[in-house]
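Engineer: Curious how this folds, go ahead:
(chains A and B)
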Amino acid sequence: NAGVTQTPKFQVLKTGQSMTLQCAQDMNHNSMYWYRQDPGMGLRLIYYSASEGTTDKGEVPNGYNVSRLNKREFSLRLESAAPSQTSVYFCASSLDRGSGGYTFGSGTRLTVV
Amino acid sequence: DQQVKQNSPSLSVQEGRISILNCDYTNSMFDYFLWYKKYPAEGPTFLISISSIKDKNEDGRFTVFLNKSAKHLSLHIVPSQPGDSAVYFCAASLRFGNEKLTFGTGTRLTIIP
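Structural biologist: Take a look at the predicted model:
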């Protein structure tokens, strides 16, 4: 099925461990995004990539790094996980805002203990 | 600083009645607004959008109204159906900006059979 695929769906990390969240889209979209969703906070932008080879910080970038590997893939890395990074992470992609906005993946639920 | 606000965390409506979800924004540079619907354990999905050059956009049972002077938008669902039970996020993007979206905190809508 066409869309945005995120892996893994669930992950438990110990404080200080590192991991990479993977995201791939097959819709030939130019822009890709990483958001986190926390109770009462809505969806907050971590990083985004307007096109292949470019990345920019969003609202809450601290503690994260990203890589736009190619047009399809956009990964999010936690170098040293902290309990404050316990959240649900969503990857999204878009062609342009007139085309219905973003297409989201199904999310990664991350718990840092 | 929450630029997009949804002041009602939850809303319950009887099946068949109208559901009205509200959203306020503070940044006058926002010029495109969207509503997303989210079911548990899934990513948000696009529902309807409106440009700032319009004050109303309709798609089937869903209508979005925009009041620029009040910096307020609302989503009307008529008639409400049990499958409409979900969390609804409003989102906004900037004029001349890229495709970044700023999301509200969400409203959980429950349709009572």
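Engineer: ranges for the helices of the chain?
Structural biologist: Unless you meant another one, I'm taking chain A. Along chain A, counting by DSSP state H, no stretch forms helices.
Engineer: Spatially central residue for it, please.
Structural biologist: A:Trp34 (2.8 Å; C-alpha atoms, centre = their mean).
Engineer: Would you agree that one is in contact with A:Val66?
Structural biologist: Yes. Contact criterion C-beta atoms under 8 Å: A:Trp34 and A:Val66 qualify, at 6.5 Å. Heads up, the C-betas are built off the backbone N, CA and C, glycines and all.
Engineer: Could you find the closest non-adjacent residue to A:Ser80?
Structural biologist: The shortest distance from A:Ser80 to any non-neighbouring residue, by C-beta to C-beta, 6 or more residues apart in numbering or on different chains, is to A:Gly16 (5.3 Å).
Engineer: Check the burial of the residue of chain B found nearest chain A by counting its neighbours.
Structural biologist: Residue of chain B nearest chain A, by C-beta to the nearest C-beta: B:Gly43 (3.2 Å). Using other C-beta atoms under 10 Å in any protein chain shown, B:Gly43 has 22 other residues around it.
Engineer: dump the residue contacts of it.
Structural biologist: For B:Gly43, the contact set (C-beta atoms under 8 Å, 6 or more residues apart in numbering or on different chains) comprises A:Val4, A:Phe90, A:Ala92, A:Phe104, A:Gly105, A:Ser106, A:Gly107.
Engineer: can you rerun that using 7 Å?
Structural biologist: A:Phe90, A:Phe104, A:Gly105, A:Ser106, A:Gly107 (C-beta atoms under 7 Å, 6 or more residues apart in numbering or on different chains).
Engineer: Which of the three states applies to it?
Structural biologist: coil (DSSP: H, G, I helix; E, B strand; the rest coil).
Engineer: Repeat that for B:Gly83.
Structural biologist: helix.
Engineer: Show me the strands in the chain, by range?
Structural biologist: Assuming you mean chain A. A:4-7, A:10-13, A:19-25, A:31-38, A:42-49, A:56-57, A:64-68, A:74-78, A:87-94, A:103-104, A:108-112 (DSSP state E).
Engineer: Chain B is the one I meant
Structural biologist: Under DSSP E, chain B gives strands at B:4-5, B:10-14, B:19-25, B:30-38, B:45-51, B:56-59, B:62-67, B:72-77, B:86-94, B:102-103, B:107-112.
Engineer: So which bits of stretch B:41-57 are buried?
Structural biologist: By neighbour count on 16 or more other C-beta atoms under 10 Å in any protein chain shown, the buried set for stretch B:41-57 is B:Gly43, B:Pro44, B:Phe46, B:Leu47, B:Ile48, B:Ser49, B:Ile50, B:Ser52.
Engineer: Put together JSON lines for the strands of chain A, with mean pLDDT on each row.
Structural biologist: Output for the strands of chain A, formatted as JSON lines (pLDDT from 0 to 100):
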{"stretch": "strand A:4-7", "mean pLDDT": "96"}
{"stretch": "strand A:10-13", "mean pLDDT": "96"}
{"stretch": "strand A:19-25", "mean pLDDT": "97"}
{"stretch": "strand A:31-38", "mean pLDDT": "94"}
{"stretch": "strand A:42-49", "mean pLDDT": "94"}
{"stretch": "strand A:56-57", "mean pLDDT": "93"}
{"stretch": "strand A:64-68", "mean pLDDT": "97"}
{"stretch": "strand A:74-78", "mean pLDDT": "97"}
{"stretch": "strand A:87-94", "mean pLDDT": "95"}
{"stretch": "strand A:103-104", "mean pLDDT": "94"}
{"stretch": "strand A:108-112", "mean pLDDT": "97"}
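Engineer: Cool, thanks, talk later.
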